[in-house]
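Asks: Provided below are the primary sequence and the corresponding predicted coordinates.
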Amino acid sequence: MKRGTFMRTLLLITVILITASTGSAATYFVDYSSGSDTRSGNSKDSAWQKCPGMAGFSGAYNHAPGDVFILKGGVVWPAAACPLTIANSGIAGNIDTYTTDHAWYSGAAWSQPTLDGELTSRTVLYGCDKGFFKINDLRIINAGSLAANGIKGVELADCDNMELCNNTFAPESWGCIYIWTSKSKMFNNYLIHHNDISKCAFGVRVVPSGPSSIINNVQVYNNTLHDFHSQLSGEVHGDGIQHYCSPDVAASYDRYITGFKIFNNTFTGDFTQVAGSTGAMTALIYLSCASTGVEIYNNVFAPVTTGTQSPNFFESFISLRDNPNRGGSHKIYNNTFVTRVPDGQAAAILEDDSRLPSPNLSVKNNIFSGFQWPFDLRSVSDTFDYNNVCFTKNVGKWAGSWVETFSDWQKLGNDIHGISTDPQFVSSTDFHLGPASPCINRGAVLDAIYAVDHDGQVRPLSTPFDLGAFETVKRTTDVQEKPVPAIIKAPSTAVGANARVFDLKGRLVNSAENNTASRSRLLVIVPKGKQAFVRPAVKR
């Protein structure tokens, strides 16, 4: 046989062997209450008891990138089955998915499948050096204990290209979601969204810790972080979303995040200490890092307190401690900051004077309501404008010096287009703007990336934005006319694809989700006689 023919034959055999060994992606079903690992797992009637990667799994399984694991709704996997360890990686275009099926459940109605650590002080979800995976619509609870502890409910080390979405996390642990990297490389694509996070001392922590360990594209959005009370004791300092570089020293400026966005999150509920006087909240967003240009927008900061807790138990809602060698230029846009405690928490935004302050902040279109003094700032290079700065005592500190009145604040060149007045929310618990709010049409027009508000309402780019996280819906005869149904083809037939429908003026008309792979068309409502276009939304 000629050498060229031999090599082509060898290559063909190699390709065939690789294809045979990797196989095709499959869907597997898991039911702790009535499944068995002796079965195939490839149908609901032949479900496994445990998922590959769970403690004690004994089934026959060969991984293929893109495998999907369906956990039965309403079923609980106890501590003996935990942790669920991400044992394999998917690949680009074929991610491994751990999820559920709302049509398959135990009990009278569907509820999220639950991984329960049973307060036995163990991590419930763990991954190391894996990528291209998705954790969707699960409930992860009771990793730690009811006393102060050092447990992390979810720990992901040196992982990337991952998505945590639509989950409920109530781990009763020091940490909820702890993500860290140690290798000297670029890690990519961390999406954390539409989760409910409570009963922890910190909600989401992202830590590049190895030399030249860089993380690209971290998006934390549409999460609700609430009621950390049960874990705020001992020596902990609580944080909602935290990013720092480890070790947290000046020499760590070679490890950081690029493309970090924190948006559309809601912080609410009880963040008071459960015991003692030392452990307490530091901030709802805490950046102690060498990252630059972090974008913080459309968030609602509205924690409540109970009992006799001091109104200053927070250091601030956003705390900034930049690395002396790198950092700053963060953007804080269209957020709503509300304190509902008499005289308010210490500050809405703080720059630490023991480190390099966070220079070149851009702070626009926000509402600050109810604070004694909303700002504790050290830099003189920050830009504050188009904000509503409403306070009970004074504005706070600028370049480390007190600023007493809003007029004094403006004399320093701040909020020249801003206001200082009651924002007139809909109510004390609903932070949409009332019809007579002075915050309507008072903001700057920002880049298109900021042109969709906390609710998904489009902000018009042709007129000033409203202040705060919520754009007021502008009712016109166009959107009040009798609607007629129209069929709009979905932008994708993949599971979870969705579409929003806008009129030609860019106003949101309706939206719909394509929840099954078999549906390729969406029924939407378009005002009679009007045209519309479809804008694809991010897949969930």
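Replies: In hand now; what should we look at?
Asks: show me where pLDDT drops low in the chain?
Replies: For the chain, applying pLDDT under 70 flags the ranges 1-22, 276-278, 305-313, 343-345, 353-355, 474-540.
Asks: In terms of residue numbering, what are the domains of it?
Replies: Following automatic domain parsing, one gets these domains for the chain: 143-411, 479-536.
Asks: Redo the ones you listed as JSON lines? Include mean neighbour count and distance to Phe470.
Replies: From N, CA and C alone the C-beta is placed, and that goes for glycine too. Putting those into JSON lines (neighbours: other CB atoms under 10 Å; distance: least, CB to CB, whole Å) gives the following:
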{"stretch": "domain 143-411", "mean neighbour count": "21", "distance to Phe470": "7"}
{"stretch": "domain 479-536", "mean neighbour count": "15", "distance to Phe470": "13"}
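Asks: Turn the ones you listed into CSV, columns for distance to Thr120.
Replies: Putting these into CSV (distance: least, CB to CB, whole Å) gives the following:
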stretch, distance to Thr120
domain 143-411, 8
domain 479-536, 34
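Asks: roughly how far apart are Val249 and Asn323?
Replies: When distances are taken as CB to CB, to the nearest Å, Val249 and Asn323 turn out to be 8 Å apart.
Asks: Pro247 now?
Replies: Note on Pro247: its distance to Asn323, by CB to CB, is 11 Å.
Asks: where along the stretch 351-500 of the chain do the strands fall?
Replies: Remark: strands of the stretch 351-500 of the chain, listed N- to C-terminal, are 362-364, 367-371, 375-376, 383-385, 388-391, 396-398, 401-403, 483-489, 497-503; assignment by DSSP state E, counting those that start in this stretch.
Asks: What of the stretch 1-150 of the chain?
Replies: For the stretch 1-150 of the chain, applying DSSP E, counting those that start in this stretch gives strands covering 27-30, 68-73, 76-77, 84-86, 96-105, 114-116, 125-128, 131-136, 139-141.
Asks: Quick one, which of these gets closest to Asp466.
Replies: The closest approach between Asp466 and any of the strands of the stretch 1-150 of the chain, judged by CB to CB, belongs to strand 131-136 at 32.7 Å.
Asks: For Pro423, see how far away the spatially closest residue to Glu351 that is not a sequence neighbour is.
Replies: The shortest distance from Glu351 to any residue that is not its chain neighbour, by CB to CB, 6 or more residues apart in numbering, is 4.0 Å, and that residue is Pro357. Applying CB to CB, the value for Pro357 to Pro423 is 28 Å.
Asks: For Gly259, which of the strands of the stretch 1-150 of the chain is the nearest?
Replies: Using CB to CB and comparing these, the one that lies nearest Gly259 is strand 131-136, at 17.1 Å.
Asks: Could you please name the strands the closest one pairs with and the direction of each pair?
Replies: Each strand that pairs with strand 131-136, with its direction, by DSSP bridges: strand 96-105 (parallel), strand 160-165 (parallel).
Asks: Next, the angle from it to strand 68-73.
Replies: Using axes from the mean of the first three to the mean of the last three CA atoms, to 10 degrees, the inter-axis angle of strand 131-136 relative to strand 68-73 is 20 degrees.
Asks: who touches strand 131-136?
Replies: Residues from elsewhere that reach strand 131-136 (CB atoms under 8 Å, 6 or more residues apart in numbering): 65, 86, 89-92, 94-100, 125, 127, 159-167, 540.
Asks: and if you look at stretch 428-444?
Replies: 300, 302, 334, 336, 338, 340, 364-365, 367, 385-386, 388, 417, 419, 421-426, 463-470, 472.
Asks: Next, the buried residues of that stretch.
Replies: Judged by neighbour count (16 or more other CB atoms under 10 Å), stretch 428-444 contains these buried residues: 431-434, 437-440, 442-444.
Asks: Show me the helices in the stretch 401-540 of the chain, by range?
Replies: Chain-ordered helices for the stretch 401-540 of the chain, with DSSP state H, counting those that start in this stretch as the definition, fall at 406-411, 477-480.
Asks: thought Asp382 was touching Ile349?
Replies: No. Counting by CB atoms under 8 Å, Asp382 stays clear of Ile349, with 9.3 Å between them.
Asks: Which neighbours do these two have in common?
Replies: Residues touching both Asp382 and Ile349 (CB under 8 Å, 6+ apart): 361, 363.
Asks: and of the buried residues of stretch 428-444, the nearest to Ala290?
Replies: Ala444 (28.4 Å).
Asks: His454 against Asn298, yeah?
Replies: Yes. Using CB under 8 Å, His454 is in contact with Asn298, at 4.6 Å.
Asks: so what sits against both of these two?
Replies: When CB under 8 Å, 6+ apart defines a contact, the residues bordering His454 and Asn298 alike are 264, 469.
Asks: Quick check on Ala148: phi, psi?
Replies: With angles defined as degrees, to the nearest 10, Ala148 sits at phi -60, psi 140.
Asks: show me the residues around it that make contact.
Replies: Shown in contact with Ala148 (CB under 8 Å, 6+ apart): 174, 231, 233-236, 279.
Asks: and what of Pro374?
Replies: When contacts are counted by CB under 8 Å, 6+ apart, Pro374 is found next to 337, 347-349, 368, 389, 391, 395-396.
Asks: Show the backbone phi and psi for it.
Replies: For Pro374, the backbone dihedrals (degrees, to the nearest 10) come out as phi -70, psi -20.
Asks: Tell me how far it lies from Thr114.
Replies: Taking CB to CB as the measure, Pro374 and Thr114 are separated by 40 Å.
Asks: Direction included, what does the helix or strand containing Leu350 pair up with?
Replies: Assigned by DSSP states H and E, Leu350 belongs to strand 349-351. Each strand paired with strand 349-351, and its direction, by DSSP bridges: strand 318-322 (parallel), strand 375-376 (parallel).
Asks: Please compute how far the longest one lies from its chain's middle.
Replies: Read it as strand 318-322. Its chain's C-alpha centre and that of strand 318-322 lie 18 Å apart, by CA atoms, centre = their mean, to the nearest Å.
Asks: repeat for the last one
Replies: Strand 375-376 sits 25 Å away from the centroid of its parent chain (CA atoms, centre = their mean).
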